[in-house]
Structure formats: structure tokens, C-alpha cells
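>>> Mind folding the following:
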Amino acid sequence: MTQRTLPQLAAILVLLLATHAAADNWPQWRGANFDGISNETGIPVKWSADENVAWKIDLPGAAGATPCVWDERIFLTSVNGNELLLLCYSTAGKEQWRQVLGVGNTDVRGDEGNSAAPSPCTDGKHVWALFANGAMACFTVEGKPVWKLDLQERYGKFKIAFGMTSTPVLDNGQLYLQLIHGEGKADTREAIVVALNSADGKQIWKHDRQSDAVAECEHSYASPTLYRDKQREFLLSHGADFVVAHSLKDGSELWRCGDLNPKGKYNRTLRFVSSPLATPGLIIVPSAKNGPVFCLNTDLKGDITESADAYQWKRNSGTPDVPSPLAKDGLVYLCRENGNFVCVDAKTGEEFYEARTTRDRHRASPVYADGKIYLTARNGIITVVQAGKEFKILAQNDLGESMAASPVISNGRIYLRTFDSLYAIGK
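Numbers count the residues shown, from 1 in each chain. You can find the predicted model right below:
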């Protein structure tokens with residue numbers, strides 16, 4: 001090896017390492033840290049159905065589940081007629097395999113969704129998928145079956161109007177699920193939080209989750225999330241009028257917060273869909289139907305509903321109804337169902353703006369990358385907003401296809417799952 005080639009090789013090595021460090025896997029619905037944040041840079045800002053598209057794949061059926069990506073594999077759930085499918089595609093746009101987890105798809109609320117609503121998750125070795133009817137399974141990333149179970153057979157029939165759409169959380173070899181539902185009577189309420197061993201699907205613990213919610217308020221379509229900092233870690237379940245923190249060891253309740261459905265003006269049709277955001281030092285708790293938003297402290301015990309010290313701030317109205325909150329660089333962002341976008345100070349709740357984006361239903365959760373926030377409307381228009389205290393739209397990109405899944409950012413691309421197709425945006 002000549003002395004002349006050493007600097008060249010060193011430069012190539014540095015470039016490869018930098019490229020690898022900048023590339024993110026997207027292992028589950030809200031990314032690696034459950035917060036909708038990507039650390040990648042140089043992400044596309046503008047595209048259309050035929051511009052800046054690396055490839056497009058027609059899918060076998062509609063669904064709202066967000067894909068997950070690990071290295072060169074993309075996993076997503078879908079339906080094909082009455083079949084419930086887990087699909088694997090390469091990042092080159094080729095189908096690698098498909099597995100049928102069961103049959104029995106149910107369409108709900110017209111065009112709102114179906115049984116392929118929960119999103120899959122992966123650790124790069126295995127992939128897990130759940131459907132709204134309780135069919136759940138694990139496969140290797142090569143598509144070989146590992147285990148399969150029926151949550152309704154194990155934990156009882158789901159009593160929930162639009163299906164069990166909550167997405168599991170994968171963390172350190174465990175899958176956390178919240179199954180919050182009921183029939184409108186206290187003696188028939190069946191709300192549990194469970195931890196499963198991801199390797200074999202066996203139960204690690206089950207916690208019976210208490211609530212005084214009634215009617216539709218017993219139902220929750222939100223997903224659990226994890227809080228973790230240097231001092232503490234816990235699981236948050238969200239539904240039936242409360243957000244509850246659980247021990248990761250045994251599921252026991254650490255603390256709870258109510259008044260998300262205030263008793264003085266109780267709404268019997270309130271049901272949570274938007275999930276909490278939990279990042280170090282910050283827990284943002286949404287509600288529903290223009291209800292309140294709470295910002296909670298993280299060192300809490302017992303029922304903190306009436307404890308003023310438990311709150312950093314409150315907003316009495318203006319909650320996101322379906323999209324989950326986003327926080328970055330001291331700011332909290334709330335995307336309302338009608339497309340209004342709200343920015344507030346993370347410490348004080350001071351509002352910097354509420355501005356209009358696309359006037360259409362927003363079902364997907366916002367995603368952040370490289371100083372930009374991506375907001376997805378149901379009509380397929382994705383508004384790219386500049387992050388910061390001043391509202392500025394950078395682009396509005398129209399795919400012309402209905403969309404409820406959240407954008408996925410991985411290895412310099414944006415992956416978009418519409419009801420018809422899977423798109424890779426970028427080079």
C-alpha cells in the first residue's frame with residue numbers, strides 16, 4: 001500500500017462512518033425514542049406523486065398503520081380482502097415476503113380505518129405485528145414464524161366500538177400493550193396493561209387498570225409510551241379519563257392523573273386517540289374533542305390530579321384529537337384534527353402561535369427532522385413547517401392519495417404509506 005492512498009482511504013472511512021452515524025433506523029411507530037424525532041439531515045422537503053419519488057409500490061389493501069424500517073427492510077401491516085397481512089419490502093422497493101396472520105378484517109367509520117391500524121415494530125432481528133382483532137405474531141426479519149397468539153382468547157373479548165387500534169411498545173425484550181375497553185357498565189369494564197416476552201409471547205405481568213369512566217369513555221384507541229431519564233423509567237397508559245404511570249417490573253401503578261374529562265362537564269363520548277409524549281423532564285398529556293392538554297412533571301406519586309405541584313402548565317382546550325404531541329428544543333407542538341398547528345413554550349405553556357395548515361382531517365402524528373416538522377393530512381397533503389417560534393410553511397406536498405399513517409424517516413428518505421401505496425421519497 002502506497003503512502004499516497006492512505007489519506008484517500010482515511011477520507012473514505014470517515015465519510016462512511018459519518019454516513020452510518022447520520023442514518024436512523026425507525027423501529028416503531030414514533031421512532032427509536034418514541035417521540036417522532038429523527039436525527040438525520042438533508043431530508044427531502046418538496047415532492048409530488050411524480051417528483052422526487054425514488055419508487056412507489058402498490059399495496060394489496062388500505063390501512064393506517066405506520067411502517068417500521070431497519071437497515072434495508074421495511075415492514076408494514078395491511079389487509080388483502082379479508083386477510084390480515086404482514087409485509088416486508090426492501091428499501092430498493094421490492095417485496096421480500098408476506099405472511100397472513102389471520103382473517104376477519106373489519107372496516108370502521110366509513111373511510112376511517114380497518115383492522116390494520118396498529119403499527120408493527122422491529123429490533124432488526126425480529127418483527128412483531130398486531131391487528132385490531134387481537135391477532136398478534138412474531139417473525140424473523142427473513143419472514144420465518146416464531147410465535148403467534150390471539151389476545152382475545154388470552155384476555156377476553158374486546159368490547160370497543162372501532163377495534164383495538166393501540167400500538168404495542170417494544171423495549172428491552174418486552175412488548176407493552178394497553179387493552180382499555182368496556183361496555184358502559186362498571187362491572188363489565190375490562191381494562192388491562194400487559195407486558196409480554198418478545199421472544200416467545202408469554203406474559204411477564206398483567207395489571208388491572210382501574211377507572212371510573214363510563215360509556216364510550218371506557219374505550220381508548222391511544223398507544224402506551226415509555227418515559228425514561230437518568231433517575232426513573234415507567235410506562236404510560238392513556239385512556240378511560242386517566243393517564244397512568246406503571247412500573248416496568250410488574251405493571252403496578254406509580255401515579256395517575258385525571259380531570260382529562262372534567263367531572264363538572266363530563267362528556268360521555270370522550271375517548272382518547274392521541275397518545276402522550278414522554279421525553280426527559282417532560283410529559284405532555286392530550287385528551288380529545290377540544291379538551292385540555294396537561295404538561296406534567298416527572299417525579300410523581302399517587303393520584304396527582306389535585307396537586308398543583310404536579311403540573312408545569314395546563315391548556316384548558318385545543319388538544320390534538322388524534323395526532324400525538326411533538327417536542328423539540330424547548331418547544332411543544334400540537335397538531336389539531338382540523339390542521340391548526342400550535343406552538344408553545346415547553347416550560348411555561350406560553351403560546352407562540354396557532355396557525356392554519358391544510359384544512360382537512362389530520363390523523364397522522366407530526367414528525368421532526370433537520371429543523372422541519374412534517375404534518376400529514378388525511379387527503380394526502382403533507383405540510384412541511386419550519387421548526388421554531390415563528391410559523392412558516394416551507395412546502396405543501398400533495399400525493400393525491402388518502403393517508404393516515406405517520407411519515408417514517410430512515411437513511412435519507414421519507415417513507416410514506418397511503419391507503420393505496422408505499423412511497424420512498426428522495427434519491
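
>>> is it true that residue 377 touches residue 362?
Yes: the criterion here is CB atoms under 8 Å, and residue 377 meets it with residue 362 at 5.6 Å. Where C-beta positions appear, they are placed from N, C-alpha and C, glycine not excepted.

>>> quick check, residue 76 in a helix?
No: secondary structure of residue 76 (DSSP: H, G, I helix; E, B strand; the rest coil): strand, not part of a helix.

>>> Can you check the pLDDT for it?
Confidence at residue 76, expressed as pLDDT, is 98.

>>> so how far is residue 422 from it?
Residue 76 sits 7 Å away from residue 422, going by CB to CB, to the nearest Å.

>>> Please enumerate the shared neighbours of the two.
Taking CB atoms under 8 Å, 6 or more residues apart in numbering as the contact rule, residue 76 and residue 422 both touch 59, 67, 89.

>>> Can you get me a residue count around the residue nearest to residue 229 when sequence neighbours are not counted?
Nearest residue to residue 229, sequence neighbours excluded (CB to CB, 6 or more residues apart in numbering): residue 280, at 4.1 Å. By the criterion of other CB atoms under 10 Å, residue 280 has 12 neighbours.

>>> just residue 225 next, same as before
Close neighbours of residue 225, defined as other CB under 10 Å, add up to 25.

>>> and it, what are its bridge partners?
Counting by DSSP bridges, residue 225 is bridged to residue 236.

>>> Quick check: it vs residue 243, distance?
From residue 225 across to residue 243, the span is 10 Å (CB to CB).

>>> So for residue 76 and residue 422, which residue has more residues nearby?
Using other CB under 10 Å as the criterion, residue 76 and residue 422 rank with residue 76 on top: 26 against 23.

>>> dump the residue contacts of the more buried one.
When contacts are counted by CB under 8 Å, 6+ apart, residue 76 touches 59, 63, 65-68, 86-87, 89, 120, 417, 422.

>>> Next one: it from residue 151, what distance?
Residue 76 sits 20 Å away from residue 151, going by CB to CB.

>>> Report the secondary structure state of the residue nearest to residue 269 when sequence neighbours are not counted.
Excluding the flanking residues, the one nearest residue 269 by CB to CB, 6+ apart is residue 216, at 4.7 Å. The three-state label given to residue 216 by three-state DSSP is helix.

>>> same deal with residue 264?
Three-state assignment for residue 264 (three-state DSSP): helix.

>>> Tell me where the model's unsure across the chain.
By pLDDT under 70, the low-scoring segments of the chain are 1-23, 184-189.

>>> list the residues that contact both of residue 225 and residue 243?
Counting by CB under 8 Å, 6+ apart, the common neighbours of residue 225 and residue 243 are 236, 276.

>>> from the middle of its chain, how far away would stretch 338-348 be?
Its chain's C-alpha centre and that of stretch 338-348 lie 19 Å apart, by CA atoms, centre = their mean, to the nearest Å.

>>> and what of stretch 289-302?
Relative to its chain's centre, stretch 289-302 lies at 19 Å (CA atoms, centre = their mean).

>>> try stretch 360-378
The answer for stretch 360-378 is 12 Å, by CA atoms, centre = their mean.

>>> Then stretch 53-69?
The chain centroid and the centroid of stretch 53-69 are separated by 16 Å, computed with CA atoms, centre = their mean.

>>> and if you look at stretch 275-294?
Put simply, stretch 275-294 sits 14 Å off its chain's centre (CA atoms, centre = their mean).

>>> What of stretch 28-37?
Distance of stretch 28-37 from the chain centroid (CA atoms, centre = their mean) equals 7 Å.

>>> Okay, buried residues for that stretch please.
Buried positions in stretch 28-37, judged by neighbour count with 16 or more other CB atoms under 10 Å: 28-31, 33-37.

>>> Other residues contacting that stretch?
Taking CB under 8 Å, 6+ apart as the rule, stretch 28-37 contacts 24-26, 38, 66, 68, 119-122, 167, 169-170, 223, 225-226, 277-279, 324, 326-328, 365-369, 406, 409.

>>> Thank you kindly, that will do.
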